[in-house]
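Visitor: okay, structure incoming, though there's no sequence with it:
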């Protein structure tokens, strides 16, 4: 049984998807780091181009998935949509934790410190 999605969900999904694709392309292609600089201080020897490529491509992919959710709902049921959303959330947490660990020196109390 297909449950009709509320219009507010479709509207928010479209806006969020377009914003993520737009910002992801700006980060990936133009290497604008204003959105990812607040995470922490870059580690020595890490390339900003590689970071922008990973974050930009992930943001574009996430935006496309969010844009496709209302359309996917016509082929899969509501439980399938919830499984997709849950999977994307878990993958996002793993992605950002890995990016943070690989590229940044963590902040603690407003100060940065080196991990041993």
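Guide: Great, that's in hand. The structure displayed is predicted, hence computed values, not measured ones.

Visitor: what's near enough to touch the residue nearest the centre of the chain?
Guide: Nearest to the geometric centre of the chain sits residue 59, at 4.5 Å (CA atoms, centre = their mean). Going by CB atoms under 8 Å, 6 or more residues apart in numbering, residue 59 touches 20-21, 23-24, 27-28. (Each C-beta comes from the backbone N, C-alpha and C, glycine too.)

Visitor: again, only using 10 Å
Guide: Counting by CB atoms under 10 Å, 6 or more residues apart in numbering, residue 59 touches 19-28, 35-36.

Visitor: out of these, which are inside helices?
Guide: Members of the contacts of residue 59 lying in helices (criterion: DSSP state H): 19-28.

Visitor: pick out the most distant pair among these.
Guide: 19 and 28 (14.6 Å; CB to CB).

Visitor: and the ones in helices among the contacts of residue 59, which of them are buried?
Guide: With neighbours counted by 16 or more other CB atoms under 10 Å, those contain buried members at 20-21, 23-28.

Visitor: quick check, nearest of these to residue 83?
Guide: Using CB to CB, those come closest to residue 83 at residue 20, 20.2 Å.

Visitor: okay, the closest one: pLDDT?
Guide: At residue 20, the model reports a pLDDT of 94.

Visitor: next one: it from residue 59, what distance?
Guide: According to CB to CB, to the nearest Å, residue 20 and residue 59 sit 5 Å apart.

Visitor: strands of the chain, residue ranges please.
Guide: Counting by DSSP state E, the segments of the chain that form strands are 41-42, 104-105, 107-108, 111-112.

Visitor: state the distance from the nearest residue to residue 104 once chain neighbours are set aside to residue 93.
Guide: Among residues not flanking residue 104 along the chain, residue 40 sits closest, at 3.7 Å (CB to CB, 6 or more residues apart in numbering). Counting by CB to CB, the gap from residue 40 to residue 93 is 17 Å.

Visitor: who has more neighbours out of these two?
Guide: residue 40 (16 against 10; other CB atoms under 10 Å).
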